[in-house]
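> here is a sequence with its predicted model. Questions after.
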Amino acid sequence: MSVNTLSIDGKMVTGTTGETVFDVAWNNGVRIPRLCHVGGVSDVGACRLCLVEVEGQSRLVASCRTAVQEGMVVRTDTPRLQAHRRLIVELLFAERNHVCAVCVQNGNCELQDLAASLGVDHVRLRYRYPKLPVDTSHERFGIDHNRCVLCTRCIRVCDEVEGAHTWDLRGRGTHALLIADFGDPWGQSESCTSCGKCVQVCPTGALFTKGKSVAEMQKDRRFLKYIVTAREKHEWIR
Amino acid sequence: MTLEELQERQAQELARRAQLANRIYCCSAAGCISCGSDALRQEIAAQIEAAGRGGEIEVCGTGCLGLCSRGPLVRTAADGALYADLAPEDAAALVAGDPAPIAAKRLDPGAPFFAMQERVVLANSGSVDPERLADYVAAGGYQALGRALADMSPPEVIEQVKRSGLRGRGGAGYPTGLKWELVARQPAGTKYVVCNADEGDPGAFMDRSILEGDPHRVLEGMAIAGYAVGAQQGYIYVRGEYGLAIQRLQTAIKQAEREHLLGSRILDTSFQFRVDLRIGAGAFVCGEETALIASIEGKRGQPRQRPPYPPEAGLWGKPTLINNVETFANVAPIVTRGGDWFASIGTERSKGTKVFALAGKIVNTGLIEVPMGTALRTILFDIGGGIPGGGRFKAAQTGGPSGGCIPEAYLDTPVDYESLARIGSIMGSGGLIVMDEASDMVDVARFFMEFSMDESCGKCIPCRAGTVQMNDILSRLVAGEGSADDIAMLEELCVLLKETSLCGLGQSAPNPVLTTLRYFRDEYEAKVRTEDAG
Amino acid sequence: MDPLTTGGSRPRLATVWLGGCSGCHMSFLDMDERLLDLAARVEIGATPLTDYKSFAPVDVTLVEGAVANEEHLEQIRHVRRNTRVLIAFGDCAVTGNVTALRNLFAVDDVLDRAYRQTSAVVVGMPGGDGIVPRLLDRVRPLHELVKVDYHLQGCPPSADAIFELLTALLDGRLADLRGERRFG
């Protein structure tokens, strides 16, 4: 495995071949914002928050899908990137009904944190107020589509880690909607193992544990690291 | 069948035709069918029968004759005449070869619409029945493939394509030869050739017409590509709405396989190449190559980030060559006549011809083919006949929802990849929509934005949510309820989508807005609500 | 930044309560003893806390709540014309928040639900034009209607954040609201 030296925000750092710019940056304390990325499952480069500037490339690149290269010069926090990230977060707040004050995830939400850290103090776009369903048919969990940002973390963790592939999307564009199986109520899903991984990786209050009230929902993703490490190192107990 | 046998077939068919007194080509493209060419063709057949001239006069279908607004169109081989606006009553005169009763419907081949075109891709339209392999063979069909297999090594084929300067006709204009070389250079093993026939721009029907009018030409181009890059399997991803094109492709594939022009032992060599159809289910984004690949693989049709590019990792992770219909249709002539011949047409950096679908406020609605570099003014006013009813030209839209609106001041722009990009539009796949002074340019921008919004796959946030907001703002402006802040936000969103969207759909969705803001900003400002808040 | 204190007289501070629950005003009171510091530095104008209703020109106004009815609309326009620095005070003013949840439904359906289907006391729509302000079709955050100078998020904003923003304004410096500024 060869080592590459590169510059991230003026700091010389190293990463092994195959590592992404995103991972190397975080390993070195440069916290590139992200929403669709979650360690342990594949990256899709969909949220566009982790876009960075790479010297010599005219286009911005998704750091979660870009491998480090020797001599790369990366900038992760330029005014242009900050402006783009703020507008992306504004777009998300306007797209569905994220009413933080009455959300189970209030105070522990990645979208809320993003707005705070990026300095989004109001949304300049018109809120759209789409009518979206809430499915509480599952005995332990619920899904509130009003708060879904379509990051697809749940789909990926269900498919890649749990192996159930209960979740997927139907429809397209802003009408895309997370569905269990073929659009059945979650509680009637035949593939769902009720493992709850999807709930834990959800960045917002879209997927939640039943019985939690406002601001009571906290998510714990430590399990992902155990499973992924065990899988990579074959640490299974027979 | 060997190459010699193929040439023999050609000679036989030509000899058979020489015995005929006349062969009547009735346009059988979707446009003419919709205005009654089937009934006309049946009536012509009936009249031939009635006149007892079954052995000497033939009626057949043919590809798009161009002047779609005046269909059904017919070309008669005996005198090379072209007729428009025909009705079944005219069949008798056509069969009798008596031009007097239909003299008024005869088109002047010297008219600019015909004289100023140069047909390479559409060369067979008007002389080949798309449903008869013998017709394509008579026109020299599959001989380019035969020559390539017999006389040329794959690198030699690629060399000719490179020399030709052919660039992707899907819109982006990537050099075709380079793309072929990239795929050919990948380690041997399973590779794929994919024809992108998911044409979806509003008002565009170039690829449709090519597939309906000359399906074998596309198949031959794909087979040559398969030989050049080392692939044995091809897919044509064609949109489900193109029923007639699908049907003609299916017929053509069957015919070609039966004669070993596709499939195994092609032209009696060891080369094998199968072509299968994959039918799109109505998503515009599936014209984007990575979404198209996902769709063929049976997955949700949405793009993924490149790199890796399909030549390295495409269909099922294998090296994949993806070209558009018109690109493949250019291949056989390049192999037959040489890359240098092709490169002699067009401009310094845009070679060959380009097919355009003229639509909107223009006299000659239809399909045309011109050398690259032809001025927009020539296309619209000489070939297209200008604006009907003496209306005033306002803008031409190229490139569909990814393109831009070009105002009168730029009418002398030569139509080539670079020149169009310089003025904020794109070549695109060839849709050309003309607007007159009655058009509200903000509403035009809104129309295209609504299209992009409806067709966004939803994967990346800027495109999914950004097109919705832009459509909202444009709708507000059109309704006279917008503010100056709205225009500023619109511009901010344009930059966001351009710079951060995952794929070409989102990246280019702002183009209609950007160009109308650039050239018709006064129309936006005139719509801003005057009574300001506060 | 231009300090608000001009010409020796103390800057005037007003607060307004539009479509909100008054929680932001409660949080204002949560400044506790710091209210005394504040009172020493400003002159209090119209505010629901004193029930002083006539809105005369002021330097700073904290506006709680979203614009939900015709009265709010008139008020916010009046306030904007009569205040130098307008602060959207809390999530309802900044985003619409809970007040705007009714935007998911048509106004008539909302009224029907509130006054016919679930009313336990007097069944029927509140009548009498000019007595009860008509609801707007859509609840809107302040910045959609008037220019807003500062957005102070939170449901409610913390007393610390309110105090910091106000004192910063009075001092003519940039407020340091790190960790204090978030929706919800």
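Thanks, I have it. Residues are numbered from 1 along each chain as shown, chains lettered A, B, ... in the order given.

> domains of chain A?
Listed domain ranges for chain A are A:3-77, A:97-232 (source: automatic domain parsing).

> now the strands for chain B?
Using DSSP state E, the strands of chain B run over B:22-27, B:57-62, B:74-76, B:81-83, B:106-107, B:192-197, B:233-239, B:274-280, B:320-324, B:353-360, B:366-371, B:393-398, B:404-407, B:431-436.

> of all the domains of chain A, which lies closest to chain C?
Minimum separation from chain C across those (C-beta to the nearest C-beta) falls at domain A:97-232, 2.7 Å. To be clear about C-beta, it is placed using only N, CA and C from the backbone, and glycine gets the same treatment.

> does the closest one come close to chain B?
Yes: with C-beta under 8 Å from any C-beta of the partner chain as the criterion, chain B is reached by domain A:97-232 at A:124-126, A:128, A:149-150, A:168-169, A:171-176.

> now do stretch A:74-94
Yes: counting by C-beta under 8 Å from any C-beta, contacts between stretch A:74-94 and chain B involve A:80, A:83-84, A:87-88, A:91-92, A:94.

> coming back round to it: got the domains of chain A as TSV, with mean pLDDT, distance to chain C and mean neighbour count columns?
Formatted as TSV, the domains of chain A follow (pLDDT from 0 to 100; distance: least, C-beta to the nearest C-beta, whole Å; neighbours: other C-beta atoms under 10 Å in any protein chain shown):
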stretch	mean pLDDT	distance to chain C	mean neighbour count
domain A:3-77	97	15	19
domain A:97-232	96	3	19
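
> which one, of these, ends up nearest to B:Ala150?
domain A:3-77 (43.9 Å; C-beta to C-beta).

> run the chain-centre distance for that closest one.
A distance of 16 Å separates the C-alpha centroid of domain A:3-77 from that of its chain, computed with C-alpha atoms, centre = their mean, to the nearest Å.

> for stretch A:146-154, same thing?
On C-alpha atoms, centre = their mean, the centre of stretch A:146-154 falls 8 Å from that of its chain.

> how about stretch C:49-59?
For stretch C:49-59, the distance to the chain centre is 13 Å (C-alpha atoms, centre = their mean).

> need the strands of chain B in TSV (columns: distance to B:Leu267, mean pLDDT and mean neighbour count).
Shown next, in TSV, are these (distance: least, C-beta to C-beta, whole Å; pLDDT from 0 to 100; neighbours: other C-beta atoms under 10 Å in any protein chain shown):
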stretch	distance to B:Leu267	mean pLDDT	mean neighbour count
strand B:22-27	27	96	25
strand B:57-62	26	96	23
strand B:74-76	31	95	23
strand B:81-83	35	94	21
strand B:106-107	39	94	16
strand B:192-197	17	98	27
strand B:233-239	16	98	23
strand B:274-280	15	97	17
strand B:320-324	21	98	27
strand B:353-360	28	96	25
strand B:366-371	29	96	24
strand B:393-398	39	96	25
strand B:404-407	45	94	25
strand B:431-436	36	95	24
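
> out of those strands, flag the one nearest C:Thr50.
strand B:404-407 (58.4 Å).

> for the closest one, which helices and strands make contact with it?
strand B:393-398, helix B:441-455, helix B:511-519 (3 or more C-beta pairs under 8 Å, 6 or more residues apart in numbering or on different chains; DSSP states H and E).

> of the ones you listed, which approaches C:Val110 most closely?
It's helix B:441-455; of those, that one is closest to C:Val110 (C-beta to C-beta) at 28.5 Å.

> which of the residues of domain A:97-232 next to chain B lies closest to B:Ile210?
Nearest member of those to B:Ile210, counting by C-beta to C-beta, is A:Arg172, at 28.0 Å.

> residues contacting that closest one?
Contact analysis of A:Arg172 by C-beta atoms under 8 Å, 6 or more residues apart in numbering or on different chains lists B:283, B:285, B:302, B:455-458.

> make CSV out of the strands of chain B and add distance to A:Cys36.
Formatted as CSV, the strands of chain B follow (distance: least, C-beta to C-beta, whole Å):
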stretch, distance to A:Cys36
strand B:22-27, 50
strand B:57-62, 51
strand B:74-76, 56
strand B:81-83, 57
strand B:106-107, 57
strand B:192-197, 28
strand B:233-239, 27
strand B:274-280, 26
strand B:320-324, 26
strand B:353-360, 38
strand B:366-371, 43
strand B:393-398, 34
strand B:404-407, 31
strand B:431-436, 34
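
> re the thing from before, which of the residues of stretch A:74-94 next to chain B ranks first by neighbour count?
Neighbour tally across the residues of stretch A:74-94 next to chain B (other C-beta atoms under 10 Å in any protein chain shown): the maximum, 27 neighbours, falls on A:Leu87.

> part of a helix, is it?
Yes: under DSSP: H, G, I helix; E, B strand; the rest coil, A:Leu87 sits within a helix.

> for it, which non-adjacent residue is closest in space?
Once flanking residues are discounted, A:Leu87 sits nearest to B:Leu496: 5.2 Å by C-beta to C-beta, 6 or more residues apart in numbering or on different chains.

> what does A:Gly56 give?
A:Val73 is the one closest to A:Gly56 (C-beta to C-beta, 6+ apart), at 7.6 Å.

> follow-up on the earlier one: let me have the residues of domain A:97-232 next to chain B in a markdown table, adding secondary structure as columns.
Shown next, in a markdown table, are the residues of domain A:97-232 next to chain B (three-state DSSP):
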| residue | secondary structure |
| --- | --- |
| A:Arg124 | coil |
| A:Leu125 | coil |
| A:Arg126 | coil |
| A:Arg128 | coil |
| A:Val149 | coil |
| A:Leu150 | coil |
| A:Asp168 | strand |
| A:Leu169 | strand |
| A:Gly171 | coil |
| A:Arg172 | coil |
| A:Gly173 | helix |
| A:Thr174 | helix |
| A:His175 | helix |
| A:Ala176 | coil |
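
> which of those sits closest to B:Ile433?
The closest of the residues of domain A:97-232 next to chain B, once distances to B:Ile433 are taken by C-beta to C-beta, is A:Gly173, at 23.2 Å.

> so what touches stretch B:376-387?
Contacts of stretch B:376-387 (C-beta under 8 Å, 6+ apart): B:112-113, B:116-117, B:356, B:358, B:361-364, B:368, B:370, B:393, B:396, B:406, B:410-415, B:432, B:434, B:436.

> no no, stretch A:35-46
With C-beta under 8 Å, 6+ apart, stretch A:35-46 has contacts from A:20, A:22, A:47, A:49-50, A:62, A:64-65, A:110-111, A:114, A:149-153, A:156-157, A:160-161, A:201, A:203, A:221, A:224-225, A:227-228, B:304-305, B:459-461, B:502.

> straight-line length of that stretch, end to end?
9 Å (C-alpha to C-alpha, to the nearest Å).

> chain A: strands as residue ranges?
A:3-8, A:11-16, A:51-54, A:61-62, A:73-75, A:134-135, A:141-144, A:167-170, A:177-180, A:207-209.

> the second one pairs with which strands?
This points to strand A:11-16. Strands that pair with strand A:11-16, judged by DSSP bridges, come out as strand A:3-8 (antiparallel).

> residue contacts, residue 125?
No chain specified, so I'll use chain A. A:90-91, A:94, B:469, B:489.

> not quite, go with chain C.
C:111, C:115-116.

> pull out the CA atoms of stretch B:113-130 and give them to me as CSV.
The C-alpha trace of stretch B:113-130 is given here as CSV (Å, rounded to 0.1, in the frame of the first residue of the first chain):
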residue,chain,number,x,y,z
PHE,B,113,-34.6,23.4,-48.0
PHE,B,114,-33.2,20.6,-50.1
ALA,B,115,-30.3,22.3,-52.0
MET,B,116,-28.6,23.6,-48.9
GLN,B,117,-28.6,20.3,-47.0
GLU,B,118,-25.8,17.8,-47.0
ARG,B,119,-27.0,14.3,-46.2
VAL,B,120,-24.6,11.8,-44.7
VAL,B,121,-26.5,10.3,-41.8
LEU,B,122,-29.8,10.6,-43.7
ALA,B,123,-28.4,9.6,-47.1
ASN,B,124,-30.6,6.6,-47.3
SER,B,125,-33.8,8.4,-46.5
GLY,B,126,-35.8,8.4,-49.6
SER,B,127,-34.1,5.4,-51.2
VAL,B,128,-34.1,2.7,-48.6
ASP,B,129,-37.1,0.9,-47.2
PRO,B,130,-36.2,0.5,-43.5
